[in-house]
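Chemist: Predicted model follows, preceded by the sequence.
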Amino acid sequence: MRPYRLRLRATKDNGFKGLVFVMSFLSMAPLALILFYIAKQGLSSLSWGFFLEIPKPVGAQGGGIANALVGTFLLVVIAALPSIPLGIGAGIFLSEHREGAISYWARLAVEVLQGTPSIVLGLIAYMWVVVPMGGFSALSGGIALGIMMLPMIIKATEETLNLVPYALKEASLALGVPYYRTILRVVLPAGMSGIMTGILISVARIAGETAPLLFTAFGNAFMNWDVAKPVNALPMLIYNYATSPYPEWHRIAWGAACVLVGFILLLNLFVRMVIRRWKVQF
Amino acid sequence: MAPRPYERPSPRWQEAAFQKGILLAALAIVALLGAVFLSLLFHSKPSLLAFGASFLFEKTWDPVSGTFGAIPFLLGTLLTSFLALAICVPFALAISIFVGEYFRSGMLSSLVKNVTELLAGIPSVIYGFWALFVLVPIIRSIQMKLGIFPYGVGILTASIILAVMIIPYAASMGGEVISLVPSDIKEAAYSLGATRQEIITKVILPYSRSGILAGILLALGRALGETMAVTMVIGNSNLLPSSLFGPGNTMASIIANEFTEATATLYLSALIEIGVVLFLVTTVINIVGAYVVKKTSLGG
Amino acid sequence: MKVFILIPFISVWITLWGCSTPESGVELLGAGATFPYPLYSKVFYEYWKATGVKINYQAIGSGGGQRQLLKKTVDFGGSDAFMSEEALKNAPAEVLHIPTCAGAVAVTYNLPGNPEMRLSPDHVADIFRGKITRWNDKRIAAVNPSTHLPDSDIVVVHRSDGSGTTFVFTDYLSQVNEQWKKEVGAGKAVNWPVGLGSKGNAGVAGLVKYSPGAIGYVEFGYALLNNMPVALLQNRSGRYVQPDTTSVSAAADVPLPEDTRISLTNTQAPDGYPITSFTWILVFKEQAYGRRPKHKAKVLVNALWWMVHDGQKYTMPLHYAPLSTKAREKAERLLKAMTYDGAPLFNGA
């Protein structure tokens, strides 16, 4: 007896496999296209002057992104300073207390904060920092970005620490090491690769954020190292220049896009290196 | 005399400090969320009082006359997000099946996984920039050929770029869940003479349904809140979207456009109220998604 | 490994160092209109080179300029829409409008070959109301007999943000077209019946530049700097006028009130361009508010004084009209009226 409609089903099988292949590779096409386009348009703008000069007025040739680089740097530092300790601390708590009311609410809060649109966090930073301070500043932008970093760091910490086997902790406690030291000196280092990954990924995420900065960091035509004043930032520069009609500004924007994407790719590579060197296999 | 056992000073205060510290950290997160929500509500009070529930049904956004309604933006957000989802789901499914079933390991699998991860890392503004210069002209020429108004920008364009951006999120859970389908039910199906395609569509996908759904919900949550790429290519028209090929606006985009200049208190609080609506919508979707994730990882 | 531990510490140290460096020069923050942005970015850059004073101006739209000044988050606001009586009354303190230059709101478009285009006020109103939708509409063809008008759709582009340029444009349309006044009205942000929105003068220029068949309103310089054609508009005297520094100066040559708050649109001047406007810098008359130090207020007054005198030489190359003598006199009087704790700030250039 012939197998039921074998030829049709065999064709469907191969066709389906082909479809899955094609669509998977199609999904990767945008990335290739974008990276290629950015490189093509932007690489030519990169020069020493590009990295060291500040932007020139409208219509003038040349100029660079130095103030945007500095601004992004300041924003990342301000964001990371409170978020890393707070995030790791909360992550430790959640990993140590799997059950309980506080854990439940904290986990819920992490999920909600992670899903909150960045523009809403920009509104919050405006209300909490810009208005009381009476002005725009890198500080307010950094706070908005810091709130964005928190959930990612907490989740990374919690998940990594959950993977550390109980046996390690118990061995340390059995040797008489106090509980807090066990966590800080034994468990945490064992999970360091995962935590570092979380931190680096969140830095990559906020380095590219624009929306919350629109009414917090505000932008600056000049170089500024003072965190109480407005700063320029790479993604903001790209947004302003990309939507302008000036070809010169477009050229700079592509160069800046190159730098930003390059930075993010580097961070991703760095993450892989971190995982390879530091990941403790249990 | 037996040697005294090594005595360390009892680390009571450090112990207590540590426990308190991490407790405070966890409480701080909860407090942060509460503060965020309350702040938003408080600052949208003038608008809440002035319009009440009609805010959600009013379709005019007119700063000159002081009429503010959220419908155009709510519709714009929902339209672009769901359209983006519809476009991305087939591709995300394809990726999930690719790395979960056909190529569980090896170079090809790593390539696809890494590329998908990188897609998620590209900043929104860069997607918007690229869309503005590459996607918009393409859409515009298609519109001109079809005889439609050649806007170039619009809801369709925004949905397409959104779809590209959320593919990694939709595919994230899928691959893992599919690879975790137990071999015994797959082998049972094989022994009954099923082809691979039939196994995938009739056994694997139904089994990993909830994991895939969780990824899709995650992607939806992301799409709803996306600001920069959308505001650069959606056409920024505050009217009710009349067609997919025409311009529109989303909640996130209108806040970005008009926040720095809302002069009247009512105007400002109306914008913040839109922020509240956006916050609530994304929160609900994300909580549902997280719930489904939890159920799948424990149950599976 | 140790190196990686050092990175965060060094970063923090650098960040803190930035805050404590004594300021090499005072910094001022301004925000507002995109209308004069090309001029201001040039002027403030030159001022920085000459004096070391950094004036950071962010072009967020006239609405933003007014709001941020009233909220006291900026030192001055830029706006091409002067504040209404009501807004002035509701302000926390008296606000001065210092005119810096005059400019034209041009109607720019994207058609193959950049043909010359003449438009009457009613045409403009109908196009932006969505009543005229194709370029070869009979009404447009009637006044442009020698131009080849393509049979394509008109893509309207307007501002998506709160804009003084929008205010000037809609103010003009409200004066010349009854239906516009009834249906849409004038304002910094209006309920546009049709069209795409883009952020800032730059955004509108950008969108029109790259969208075939598009039409939009931008400050004149933006169109010129981008080699985009502008329409000749029919003014009140019936003439079709090109926007340029001559026609703008003609329209601006009117008797000014003391506070310089006046609309220059729909000018009576026979050679004047019908959509002209001053652009102002808004400051509080009494500068001792918040924690403002006196020297900062002094720097502001001096910078503004420079802008209405030496700074005027940068206007014409960028296609703005410099202040007339009458306007400059009024500006000087306003600047001299600025005080700190009651005492006048200005004491000679």
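Modeler: Happy to help now that I have it. If you're wondering where the values come from, they're calculated on a predicted model, not measured in any experiment.
Chemist: could you check the distance from residue A:149 over to residue C:266?
Modeler: Applying Cβ to Cβ, to the nearest Å, the value for residue A:149 to residue C:266 is 54 Å. C-betas here are computed from N, CA, C, even on glycine.
Chemist: same question, residue A:139
Modeler: 47 Å.
Chemist: does chain B sit close to the helix or strand where residue A:239 lies?
Modeler: For residue A:239, the host element (DSSP states H and E) is helix A:234-242. Yes: for a cut-off given as Cβ under 8 Å from any Cβ of the partner chain, helix A:234-242 has contacts with chain B, namely A:235, A:238, A:239, A:242.
Chemist: one step back: what about residue A:139 and residue C:266, which has more around it?
Modeler: Taking neighbours as other Cβ atoms under 10 Å in any protein chain shown, residue A:139 and residue C:266 compare with residue A:139 leading, 24 against 19.
Chemist: Quick one: neighbours of the closest residue to that one other than its chain neighbours, just the number.
Modeler: Of all residues not flanking residue A:139 in the chain, residue A:227 sits nearest, at 5.1 Å (Cβ to Cβ, 6 or more residues apart in numbering or on different chains). Residues lying near residue A:227 (other Cβ under 10 Å) number 21.
Chemist: Assign residue A:227 to helix, strand or coil.
Modeler: Secondary structure, DSSP: H, G, I helix; E, B strand; the rest coil: residue A:227 is coil.
Chemist: pretty sure it is touching residue C:12, no?
Modeler: No: Residue A:227 lies out of contact with residue C:12 (Cβ atoms under 8 Å); the separation is 11.1 Å.
Chemist: Check which element follows the longest helix belonging to chain A along the chain.
Modeler: The residue-count maximum for a helix in chain A (DSSP state H) belongs to helix A:6-42. Sequence-wise, the next helix or strand downstream of helix A:6-42 (DSSP H and E) is helix A:48-52.
Chemist: Tell me which residues touch residue B:282, please.
Modeler: Applying Cβ atoms under 8 Å, 6 or more residues apart in numbering or on different chains to residue B:282 gives the contacts A:115, A:116, A:117, B:221, B:224, B:225.
Chemist: Give the burial count for the nearest residue to residue A:244 once chain neighbours are set aside, as a bare number.
Modeler: Nearest residue to residue A:244 in three dimensions, chain neighbours excluded: residue C:202, at 4.0 Å (Cβ to Cβ, 6+ apart). Neighbourhood size, residue C:202 [other Cβ under 10 Å]: 26.
Chemist: what's residue C:319 sitting at in phi/psi?
Modeler: The phi/psi pair for residue C:319 (degrees, to the nearest 10) reads phi 70, psi 30.
Chemist: Let me see the mean pLDDT of the host helix or strand of residue B:157.
Modeler: Residue B:157 is located in helix B:155-179, with elements delineated by DSSP H and E. Across helix B:155-179, pLDDT averages out at 88.
Chemist: Now do residue C:9 against residue A:207, distance only.
Modeler: According to Cβ to Cβ, residue C:9 stands 20 Å off from residue A:207.
Chemist: what are the ranges of the strands in the stretch 1-150 of chain B?
Modeler: In the stretch 1-150 of chain B, the strands defined using DSSP state E, counting those that start in this stretch lie at B:61-62, B:67-68.
Chemist: got those as a markdown table, with mean neighbour count columns?
Modeler: Conversion of the strands of the stretch 1-150 of chain B to a markdown table gives the following (neighbours: other Cβ atoms under 10 Å in any protein chain shown):
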| stretch | mean neighbour count |
| --- | --- |
| strand B:61-62 | 20 |
| strand B:67-68 | 18 |
